[in-house]
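Participant: Return a 3D structure for these sequence lines:
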Amino acid sequence: MYRIESKINTQSESFKSQKLEFQKIMEEFRQKMASTIHGSSPSSIEKHKKRGKLLARERINLLIDPNTPFLELSTLAANGSYENQFPAAGIITGIGIIHSRETLVIANDATVKGGTYIKETIKKHVRAQEIAIENHLPCVYMVDSGGVFLPEQANVFPDRFDFGRFFYNQARMSSLGIPQIAIVMGSCTAGGAYVPAMSDETIIVKDQGTIFIGGPPLVKAATGEEVTAEELGGADVHTSISGVADHYAIDDRHALQICRNIFENLELRKKQQLETSPIEEPFYDPNELYGIAPIDLKKPVDAREIIARIVDGSRFHEFKARYAPTIVTGFANIMGYPIGIIANNGVLFSETALKGAHFVELCGKRNIPLLFLQNITGFIVGKEYERNGIARDGAKFVHAVANVNVPKFTVVFGGSFGAGNYAMAGRAYDPRFLFMWPNAKISVMGGEQAAGVLIQVKQDQLAAEGKSMQMEEIEKLRENILQKYNHEGSAYYSTSRLWDDGIIDPVDTRKVIAMGIAISLNKPYEETKYGIFRM
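Facilitator: Alright, predicted model coming up:
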C-alpha cells in the first residue's frame, strides 16, 4: 500500500484557526460527558454508598480485566431531556474484556431515579442486547432497578420494543447459545424479576439483592399479607429455598469475583479469522483531525486527509482512484485489522453509486469488514440525472450495502443528509456500530435546503390564493426553520435519542473501530446473498 500524501499545511493560519474552533466544540463535548458521568445528585450517591454498594461504573471497572478498555455506548442518552434528571438514561452499557473475552455489560444506575426505566433506558438496554446477538457476545446484567418509571409507563410498557423485549431477547440469546449472567445487586421487581430468572446463572448479594414479581406493598394490597423485602425475595430465600438464584455473595466485590469465576468455565466458540498485520501508528498525527474536521459543512474536506490520520502507517490502497471522485474507496489496516473504507468526497452521482456498489461486493467476497465515513449531502438531483437513471444506480448501492454480510461500521464525521445517509450505511442499514463526531449533523436535508423548499411551498400555496409573502415574513420563516434544523440536526440531539451508539472524540476513531472489528470476530461471517439489481 502507498502512504497517503497529505496536502494539509498544519502550520497555516487557516489550519490553526480551524483547530482552535474545533477545540471549543471538543470542550463542550467533554463538559457534557463529564456532567453525565458525574450527573447523579450527591445525596443519592451518599445513600447508595451507605448501603454498602459500589457505583455502576465502579462495578464495571472491577468486573473487567485490569488495564483493558471499556467501550461505553450511548453515554449521552436522554441528554437534554427530562430536565437532565436521567444522566446516561440511568443505565450503563458497553463492551469490556472478562478473562480475555469481549463481553456486553448492562448495568443499572440506582443513583438515577432508583435505576428505573424511561423510553431511552429501554432503547439503550434493547440496543445493547442487539449488539450481543449480532456479535455473539456473552452478556452480564448488573441488576439494581425499580423497574418502569411509572409516570412514563405508557411510553415504556406495551409496544414491540418496550420493556417486554428484554425477556424476548434473553430467550432468543439463550437459544443461540449466548451466555447470560445476572448479578442482582439491588432491587429486581415485577417484570424485571425475569432478567435473573432467564439468565444462565444468577448471583445475588446478601442484604442488597431482592427478586420478586410483586413487592411488599403490592403483596399487602393484594393479599393482606405483611412481609419484608428480604423475607419475600432476598438472597437467603432465592439461594436456599426457591432456587431462582445460583450464587450467594456477601457484597458487590464478592459478586463480581463470582461472575469472573463463571467466565472461566464458559465454552470457547469458533471465531472469524482475519489476516492481520503488525500494528503501526498513523504516519500523520491523529490530533491533526481537529484542524481538518468540517465545521462549516459548505466547505469541502478531502476524505483522504481523514483516512490518513486513522489507518496504520497512513497507507491506503485506493480502488478506482480516477473514477467517480466524489467517493473514495480502498483498502487499509486499522490496528492490524484489514478494513475496506468508503468515504464521501462530495455528492453521490450514478457513477459514484456504481463504484460504491462494486467495492462493497469486493469486500463481501473477501470477508473484509467495511468502514463508512459519512460526510454526505445526498444524491444529485435534476432532470438530466433522473433521465440517466440515478434512482436505478443508487438502488444498486443500497442493495449492496443492505445485503453484504461482513461487519459494517459507520462514522459520521461531517454531514449526513437524505438518502445519502442510507446508502452510506446509516442506522437503518444495521451497521454493527454507528458513531458521530461532536461536529456532525444529521437530518433529512440541510437547514438551508429545507428553508428554501418550505418557503417555496408556502409561496406557491399563497400564490394559488392570489396572495404573496412579505420579505419580513420570508426571513422570519427562514430563521425559524434554520433554528429548528440546527437544533434537531445536531449530534447531541441524535445521540440523546439513540440514533447512534455514541459521540466519540475524533482522535479515538481508530481505537473505537479496531475494538469494533475485534468484537465482530466472535461470530463467523455469513455468506453474502444479493437480491435483484435493476440493470
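Participant: What are the buried residues along the longest helix anywhere in the chain?
Facilitator: For the chain, the helix that runs over the most residues, judged by DSSP state H, is helix 13-37. Buried residues in helix 13-37, defined by neighbour count with 16 or more other Cβ atoms under 10 Å: 15, 18-19, 22, 25-26, 29, 32-33, 36. All C-beta atoms are positioned from the backbone trio N, CA, C, and that covers glycine.
Participant: With distance to residue 57 and pLDDT added, can I get those residues in JSON lines?
Facilitator: Shown next, in JSON lines, are these (distance: Cβ to Cβ, whole Å; pLDDT from 0 to 100):
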{"residue": "15", "distance to residue 57": "37", "pLDDT": "97"}
{"residue": "18", "distance to residue 57": "34", "pLDDT": "96"}
{"residue": "19", "distance to residue 57": "31", "pLDDT": "97"}
{"residue": "22", "distance to residue 57": "28", "pLDDT": "98"}
{"residue": "25", "distance to residue 57": "25", "pLDDT": "98"}
{"residue": "26", "distance to residue 57": "22", "pLDDT": "98"}
{"residue": "29", "distance to residue 57": "19", "pLDDT": "98"}
{"residue": "32", "distance to residue 57": "17", "pLDDT": "98"}
{"residue": "33", "distance to residue 57": "12", "pLDDT": "98"}
{"residue": "36", "distance to residue 57": "11", "pLDDT": "97"}
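Participant: right, and the helix or strand after the longest helix of the chain?
Facilitator: Using DSSP states H and E, the helix or strand that follows helix 13-37 in sequence is helix 42-50.
Participant: Distance from the chain centre to the helix or strand just after that next one, please.
Facilitator: As assigned by DSSP H and E, the chain's next helix or strand after helix 42-50 is helix 56-63. Between the centre of helix 56-63 and the centre of its chain there are 20 Å (Cα atoms, centre = their mean, to the nearest Å).
Participant: need the strands for the stretch 201-350 of the chain, in chain order.
Facilitator: Assigned by DSSP state E, counting those that start in this stretch, the stretch 201-350 of the chain shows strands spanning 201-205, 210-212, 247-249, 315-319, 327-334, 337-344.
Participant: And the ones you listed: which comes nearest residue 86?
Facilitator: strand 210-212 (22.9 Å; Cβ to Cβ).
Participant: Would you mind writing the CA trace of stretch 402-411 as CSV?
Facilitator: The C-alpha coordinates for stretch 402-411 follow below in CSV (Å, rounded to 0.1, in the frame of the first residue of the first chain):
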residue,chain,number,x,y,z
ALA,A,402,-28.1,-3.7,2.8
ASN,A,403,-27.1,-7.3,1.9
VAL,A,404,-23.4,-7.5,2.4
ASN,A,405,-22.7,-9.8,5.4
VAL,A,406,-19.3,-8.5,6.5
PRO,A,407,-19.5,-6.2,9.6
LYS,A,408,-20.2,-2.6,8.7
PHE,A,409,-19.0,0.3,10.9
THR,A,410,-20.2,3.9,10.3
VAL,A,411,-18.7,7.2,11.5
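Participant: So for that stretch, what gets flagged as buried?
Facilitator: 402, 404, 406-411.
Participant: roughly how far apart are residue 440 and residue 350?
Facilitator: Separation of residue 440 from residue 350 (Cβ to Cβ, to the nearest Å) stands at 27 Å.
Participant: More neighbours: these two, which one.
Facilitator: Shown here are residue 440 and residue 350; by other Cβ atoms under 10 Å, residue 440 has more neighbours (26 against 20).
Participant: just checking, the more buried one touches residue 493?
Facilitator: No. Contact status for residue 440 versus residue 493: not in contact, 10.8 Å apart, counting by Cβ atoms under 8 Å.
Participant: what's the pLDDT at residue 204?
Facilitator: On the pLDDT scale, residue 204 is placed at 98.
Participant: er, residue 160 actually
Facilitator: Per the predicted model, pLDDT is 90 at residue 160.
Participant: Next up, identify which helix or strand it is on.
Facilitator: Here residue 160, judged by DSSP H and E, is contained in no helix and no strand.
Participant: just to revisit the earlier point, how many degrees apart are the longest helix of the chain and helix 56-63 in direction?
Facilitator: Between helix 13-37 and helix 56-63, the angle comes out at 100 degrees (axes from the mean of the first three to the mean of the last three Cα atoms, to 10 degrees).
Participant: For the remainder of this discussion, apply numbering that starts at 14.
Facilitator: Happy to do that; since the first residue is 14 now, the last one works out to helix 26-50.
Participant: which residue lies farthest from the center of this protein?
Facilitator: residue 479 (49.9 Å; Cα atoms, centre = their mean).
Participant: how about the helices in the stretch 64-213 of the chain?
Facilitator: Assigned by DSSP state H, counting those that start in this stretch, the helices in the stretch 64-213 of the chain fall at 69-76, 132-148, 166-169, 178-188, 207-210.
Participant: least reliable of those going by mean pLDDT?
Facilitator: Mean pLDDT is lowest for helix 166-169 out of the helices of the stretch 64-213 of the chain, coming in at a mean of 87.
Participant: Who are the contact partners of the closest residue to residue 34 other than its chain neighbours?
Facilitator: Closest residue in space to residue 34, ignoring its immediate chain neighbours: residue 308 at 5.7 Å, by Cβ to Cβ, 6 or more residues apart in numbering. The contact partners of residue 308, taken as Cβ atoms under 8 Å, 6 or more residues apart in numbering, are 31, 34-35, 38, 452.
Participant: closest to residue 140 among those?
Facilitator: Checking these one by one against residue 140 (Cβ to Cβ), the nearest turns out to be residue 452, at 23.5 Å.
Participant: List the contacts of that closest one.
Facilitator: Contacts here follow Cβ under 8 Å, 6+ apart; on that basis residue 452 touches 35, 38, 306-308, 426-427, 504.
Participant: same question, residue 461
Facilitator: For residue 461, the contact set (Cβ under 8 Å, 6+ apart) comprises residue 495.
Participant: One more: residue 70?
Facilitator: So residue 70 contacts 50, 105, 120 (Cβ under 8 Å, 6+ apart).
Participant: rerun that using 10 Å as the cut-off
Facilitator: 50-51, 83, 85, 101, 105, 107, 120, 122 (Cβ atoms under 10 Å, 6 or more residues apart in numbering).
Participant: Can you redo those residues as CSV, where the extra columns are pLDDT?
Facilitator: Below are these laid out as CSV (pLDDT from 0 to 100):
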residue, pLDDT
50, 97
51, 96
83, 98
85, 98
101, 98
105, 98
107, 98
120, 98
122, 97
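Participant: of these, closest to residue 290?
Facilitator: Nearest to residue 290 among the contacts of residue 70 is residue 83, at 26.0 Å by Cβ to Cβ.
Participant: Can you tell me how far the closest residue to that closest one other than its chain neighbours is from residue 115?
Facilitator: Computed as Cβ to Cβ, 6+ apart, the closest residue to residue 83 that is not its neighbour in sequence is residue 109, at 4.3 Å. Distance of residue 109 to residue 115, computed by Cβ to Cβ: 8 Å.
Participant: about what we covered before: make a markdown table out of the contacts of residue 308 and add distance to residue 434.
Facilitator: Shown next, in a markdown table, are these (distance: Cβ to Cβ, whole Å):
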| residue | distance to residue 434 |
| --- | --- |
| 31 | 25 |
| 34 | 25 |
| 35 | 23 |
| 38 | 21 |
| 452 | 16 |
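Participant: Return the closest of the residues you listed with respect to residue 138.
Facilitator: Of the contacts of residue 308, the one sitting nearest to residue 138 (Cβ to Cβ) turns out to be residue 452, at 28.7 Å.
Participant: still on that earlier bit, so what's the residue nearest to residue 83 up against?
Facilitator: By Cβ under 10 Å, 6+ apart, the residues touching residue 109 are 73-74, 76-78, 81-85, 115-118, 153.
Participant: Run through the bridge partners of it.
Facilitator: According to DSSP bridges, the partner residues bridging residue 109 are residue 116.
Participant: pLDDT wise, what is it at?
Facilitator: Looking at residue 109, its pLDDT stands at 98.
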